[in-house]
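A.B. asks: any chance you could fold what I've pasted below:
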Amino acid sequence: MVFLREALVEAWADTAEMLPLLFLLFLLLEAFQHRLGAGLSVHLERAGRLGPLVGAGLGIIPQCGFSVLASLLYVRGLVTPGTLLAVFLATSDEAVPVMLAQPGKMGYIMPLLIAKLVLGIAGGYFTDLLLKRDGRSLGRAPVGGGAVLRRPTPGEHAHRVRAATLVYHAAHQTLHIYAFVVAAATLLNLGVKLLGLSGVSRVLLTGSPLQPVMAAFIGLIPNCAASVVLAQLYLEGALGFGAAVAGLAAAAGLGLLVLARHNPLRDTARLLGLLFALAVAAGLVLPSRPWVL
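C.D. replies: Next comes the predicted model:
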């Protein structure tokens, strides 16, 4: 119990300074999402053969819920499988705001985003080539005639919203994500106290070629906590660069749940298999040593 309290105090001390900056970032993202979210979906839907390129470019924007939007467009038959996976591979859910909220780690962000952007584009075109589908339409009717999917989706806001609402949403998201950050830091500190640095390294497979595989499995958890924990572990030096890319590339968040709910099981399993394989392949090819600009 003493170790847990000490680990929690240390985690709070290490992360408290990021709270105001994290709130500011989420406030800006909320405003961006409400003003431009629907426009982004239109660009993605009209991309055609440029779908994977556009999908990866839009996915790299740290906008909450974009993977959900891409999944809904896919099950409607409006984007190709490659475009969907380009968004999944490029998006980082809440990982980018978490990293941006720690100014001392700014140099870690750009190489990670570049790697995920390239992976998203390459993986998207590879997927379309592999599945021999291209163009805007997949040539099939939307699941359930599209009726279940016509309600507003995350990222689409056509109405004006009050400033107080934006502040409330940003504050709620800040506290939600910060709780995951503190939890990850606490567990890491607790592990160091109980197991030592070598013990934590063994648990996280540090230096092992299997670490990207483990990270990709964590990334597949359909919750923003997965990307937050992976980002924090990378910034703490517990995950290598390749493993961080693998984990965050697989971290498509709630988009995976939407796909599982509205898409045929066989097609969903195939897409998840490709997502996992591409994420792991990138993690194995990239070096474990962090790239810092």
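
A.B. asks: where do the helices of the stretch 151-293 of the chain begin and end?
C.D. replies: In the stretch 151-293 of the chain, the helices defined using DSSP state H, counting those that start in this stretch lie at 163-203, 211-219, 224-235, 241-250, 255-262, 265-285.

A.B. asks: most packed of those?
C.D. replies: Highest mean neighbour count among the helices of the stretch 151-293 of the chain (mean count of other C-beta atoms under 10 Å): helix 241-250, with a mean of 30. Quick note: C-beta positions are derived from backbone N, CA and C, even for glycine.

A.B. asks: what angle separates that one from helix 265-285?
C.D. replies: In terms of direction (axes from the mean of the first three to the mean of the last three C-alpha atoms, to 10 degrees), helix 241-250 departs from helix 265-285 by 160 degrees.

A.B. asks: now for helix 241-250, which elements pack on it?
C.D. replies: Contacts defined by 3 or more C-beta pairs under 8 Å, 6 or more residues apart in numbering; DSSP states H and E place helix 241-250 against helix 81-90, helix 109-131, helix 211-219, helix 224-235, helix 265-285.

A.B. asks: how about low-confidence regions in the stretch 151-293 of the chain?
C.D. replies: Within the stretch 151-293 of the chain, the segments meeting pLDDT under 70 span 151-161, 192, 196-198, 200.

A.B. asks: recalculate using a threshold of 90.
C.D. replies: 151-210, 218-239, 251-262, 288-293 (pLDDT under 90).

A.B. asks: now the host helix or strand of Trp12 against helix 224-235, angle please.
C.D. replies: Trp12 is part of helix 2-15, with elements assigned from DSSP states H and E. Helix 2-15 runs at 80 degrees relative to helix 224-235, counting by the same axes, to 10 degrees.

A.B. asks: so what secondary structure elements neighbour helix 2-15?
C.D. replies: Judged by 3+ C-beta pairs under 8 Å, 6+ apart, helix 2-15 is in contact with helix 163-203.

A.B. asks: and for Ala231, nearest residue in space, chain neighbours not counted?
C.D. replies: Ala95 (3.9 Å; C-beta to C-beta, 6 or more residues apart in numbering).

A.B. asks: buried residues in the helix holding Trp12, which are they?
C.D. replies: Residues Ala7, Leu8, Glu10, Ala11, Asp14, Thr15 are the ones in helix 2-15 that count as buried (16 or more other C-beta atoms under 10 Å).

A.B. asks: and the least confident of those residues?
C.D. replies: Note: of the buried residues of helix 2-15, the lowest pLDDT belongs to Asp14, at 70.

A.B. asks: show me what contacts that one?
C.D. replies: Ala185 (C-beta atoms under 8 Å, 6 or more residues apart in numbering).

A.B. asks: with Leu130 instead?
C.D. replies: Leu130 sits in contact with Leu274, where contact means C-beta under 8 Å, 6+ apart.

A.B. asks: distance of it from Leu278?
C.D. replies: 10 Å (C-beta to C-beta, to the nearest Å).

A.B. asks: of all the helices of the stretch 151-293 of the chain, which one is nearest Met99?
C.D. replies: Nearest of those to Met99, taken as C-beta to C-beta: helix 224-235 at 5.6 Å.

A.B. asks: same for that closest one, what does it pack against?
C.D. replies: helix 95-100, helix 163-203, helix 211-219, helix 241-250.

A.B. asks: hmm, try it at 10 Å
C.D. replies: In terms of contacts (3 or more C-beta pairs under 10 Å, 6 or more residues apart in numbering; DSSP states H and E), helix 224-235 is packed against helix 95-100, helix 109-131, helix 163-203, helix 211-219, helix 241-250.

A.B. asks: how about TSV for these, with distance to Tyr234 added?
C.D. replies: Formatted as TSV, those follow (distance: least, C-beta to C-beta, whole Å):
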stretch	distance to Tyr234
helix 95-100	8
helix 109-131	8
helix 163-203	11
helix 211-219	9
helix 241-250	4
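
A.B. asks: right, so of those helices, which gets closest to Val75?
C.D. replies: Val75 sits nearest to helix 109-131 of all the helices and strands packed on helix 224-235, at 15.6 Å, using C-beta to C-beta.

A.B. asks: next one, pLDDT for the residue nearest to Ala231 please.
C.D. replies: Ala95 is assigned 78 on the pLDDT scale.

A.B. asks: so who does it touch?
C.D. replies: By C-beta atoms under 10 Å, 6 or more residues apart in numbering, the contact set of Ala95 is 62, 109, 112-113, 116, 177, 219, 224, 226-232, 234-235, 244, 247-248, 251.

A.B. asks: give me every residue that touches Leu21.
C.D. replies: Pro97, Leu100, Ala101, Gln102, Pro103, Thr174.
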